[in-house]
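[1] Below: sequence and its predicted model.
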Amino acid sequence: MRPESIDLAGKTIVITGASTGIGAVAARELHELGANVLMTGRSPEKTRAVAESIGAEPLIADFAKLDDVRRLAADINERVERIDTLINNAGGTFKPGNRTPDGHEPNFQINHLSPFLLTALLHGKLAASPAPRVINTSSIANRVGKIVLDDLDWERRHATETRAYGSGKLMNILHARELARRWAPEGITGTAFHPGPVASEFGRDSFWVGVAYRTPLKRFWSITVEQGASPIVDLATRADRESINGVYLHRHKPSTRTAKQATDAELASALWQRSAELAGISPDI
Ligand SMILES: NC(=O)c1ccc[n+]([C@@H]2O[C@H](COP(=O)([O-])OP(=O)(O)OC[C@H]3O[C@@H](n4cnc5c(N)ncnc54)[C@H](OP(=O)(O)O)[C@@H]3O)[C@@H](O)[C@H]2O)c1
């Protein structure tokens, strides 16, 4: 344990997207550091395999379905007294022409709306921790994102996969910033980060991103899942969580390499409001 790290013994950590990739590696490392890790995934088989390796129950939810997220939140709320750290890591790139069973553009729902709803429904258990933190896995792709509040589902604009994905990841930054502001009285901090170009299963739901991530040439530009997971472990353990509250990091370091909209406080508040409406919850949750 590094001197500036907190002791994870007795801490409860919820991590989504932990059935594979950087989430699976981070779940195992956080478990080894002594945390009680609750891990979620979409694929029951993959989630079960990782859960078994850390002695946890597999929690299954498809973020393309808001009802799955509601059920997942109810399940977690029943299992734990408090949550010290919530890591919103599930996500990926999806064909923007598709619609989720809830009727949303998939990059918007899976990368933002579902994690937004999950975070809101776990608010009470976060508030019960003495030093709660929320960590959102964003992406450098946020730089090509563009949020249009009355067109979050890309019905009036032409959506490319990169722009729709980047917009979801831009929302992860605004979500972290806005929760840091709204939930400050309870001491809940919010941080978003880019893990780097990780050679994971990333891109498997998408033709074009999949092509880039499946090429053998990726060894020249990508990092390993262990390297990609290291910012998650760092952010979940560093003692100075206040110093990165409301901050976006490029791996381990605060970064200003974001879309302009990432620092728009009015937009962050309006996005929270609109997301709450679409998720069917009160914005004051
Ligand atoms: N890899 C990169 O270069 C890179 C760069 C920047 C940001 N990121 C972000 O890092 C995070 C982790 O990605 P990764 O690289 O570890 O990719 P990965 O290996 O593809 O893992 C993605 C995780 O998200 C879960 N997931 C995907 N769609 C889901 C859905 N509809 N409902 C619930 N869970 C879902 C997957 O679950 P199943 O496996 O069970 O389906 C898996 O656990 C993502 O948010 C990604 O956007 C990755």
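    On my side now, so go ahead.
[2] For stretch 255-267, buried residues please.
    Across stretch 255-267, burial judged by 16 or more other CB atoms under 10 Å covers Thr258, Ala259, Gln261, Ala262, Leu267. Using the backbone N, CA and C atoms, a C-beta is placed for each residue, glycine as well.
[3] what's the first-to-last distance across that stretch?
    Taking CA to CA, to the nearest Å, stretch 255-267 runs 20 Å from one end to the other.
[4] ok, that stretch near the ligand or not?
    No. Stretch 255-267 stays clear of the ligand (CB under 6 Å from any ligand atom), getting no nearer than 12.8 Å.
[5] Count the residues that sit near Ile6.
    Counted with other CB atoms under 10 Å, residues neighbouring Ile6 total 18.
[6] got the contact list for it?
    Ala131, Thr237, Arg238, Ala239 (CB atoms under 8 Å, 6 or more residues apart in numbering).
[7] Is it possible to get CSV of those residues that adds distance to the ligand?
    Shown next, in CSV, are the contacts of Ile6 (distance: CB to the nearest ligand atom, whole Å):
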residue, distance to the ligand
Ala131, 24
Thr237, 19
Arg238, 19
Ala239, 24
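[8] And the closest residue to the ligand within the stretch 51-200 of the chain, what's its pLDDT?
    The nearest approach of the stretch 51-200 of the chain to the ligand comes at Gly91, 2.7 Å away (CB to the nearest ligand atom). At Gly91, the model reports a pLDDT of 98.
[9] For the closest residue in space to it that isn't next to it in sequence, grab phi and psi.
    Distances taken as CB to CB, 6 or more residues apart in numbering place Asn111 nearest to Gly91, at 4.4 Å, with adjacent residues excluded. The phi/psi pair for Asn111 (degrees, to the nearest 10) reads phi -90, psi -30.
[10] correct me, but Asn111 touches Leu170?
    No. The criterion here is CB atoms under 8 Å, and Asn111 misses it with Leu170 at 9.6 Å.
[11] picking that back up, contacting residues around the residue nearest to Gly91?
    Taking CB under 8 Å, 6+ apart, one finds Gly91, Gly92, Tyr165, Gly168, Lys169, Met171, Asn172 in contact with Asn111.
[12] so how far is His252 from it?
    Noted for Asn111: a distance of 22 Å to His252, by CB to CB, to the nearest Å.
[13] Same check on His175?
    His175 is 21 Å from His252, by CB to CB.
[14] Count the neighbours of the closest residue to the ligand within the stretch 1-150 of the chain for me.
    Of all residues in the stretch 1-150 of the chain, Gly21 sits closest to the ligand, at 2.1 Å by CB to the nearest ligand atom. Per other CB under 10 Å, the neighbour tally for Gly21 reads 26.
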